[in-house]
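J.: Give the three-dimensional model of this entry:
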Amino acid sequence: MSFGDWWLWGVAAVILAVGEVLLPSFILLGFAIGAGVIGFLLLIGVPLAANVPLMFLIFAVISLVAWIGLRRAMGVTETQVKTFDRDINDD
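T.: Residues are numbered from 1 along each chain as shown. So this is what the prediction gives:
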């Protein structure tokens, strides 16, 4: 088994996506998207298996871009500020 096997990246993507369901924070989903893209690139025949550090660099960049995109699309915006109108100790 090597890091160049497309099914290994596909299994990692599924495990990370299931982990995201159990831990909803948009952290694991970015890694799942990165692993899925690498698995797809290996499946269609892009020769990434010969250069494992390049493959991991592409995985890291895709994961970071996916994570930033998810945070911008689904995360708290700058206008959403948590404010408290009353103190729970004031009764």
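J.: center of the protein - which residue?
T.: In the chain, the centroid-proximal residue (Cα atoms, centre = their mean) is Gly30; its distance is 1.1 Å.
J.: Give me the distance between it and Leu70.
T.: 6 Å (Cβ to Cβ, to the nearest Å). C-beta here means a position set from N, CA and C on the backbone, and glycine is covered the same way.
J.: next one: Gly39
T.: 19 Å.
J.: Compare those two (neighbour count), which wins?
T.: Gly39 (21 against 17; other Cβ atoms under 10 Å).
J.: can you pull out the helices in the protein?
T.: With helices called from DSSP state H, the chain shows them at 6-22, 28-44, 52-74.
J.: Let me see the confidence value for the closest residue in space to Ala35 that isn't next to it in sequence.
T.: Distances taken as Cβ to Cβ, 6 or more residues apart in numbering place Ala13 nearest to Ala35, at 3.9 Å, with adjacent residues excluded. The confidence metric pLDDT takes the value 94 at Ala13.
J.: again, but for Leu57
T.: pLDDT recorded at Leu57 is 93.
J.: What's the local residue count around it?
T.: For Leu57, the count of nearby residues is 11 (other Cβ under 10 Å).
J.: what's the answer for the one 10 residues further on, then?
T.: A count of neighbours around Trp67, defined by other Cβ under 10 Å, yields 18.
J.: Relative to Val46, how far out is Gly30?
T.: Distance from Gly30 to Val46, by Cβ to Cβ: 21 Å.
J.: ok, now how distant is Pro53 from Leu16?
T.: Pro53 is 21 Å from Leu16, where distance means Cβ to Cβ.
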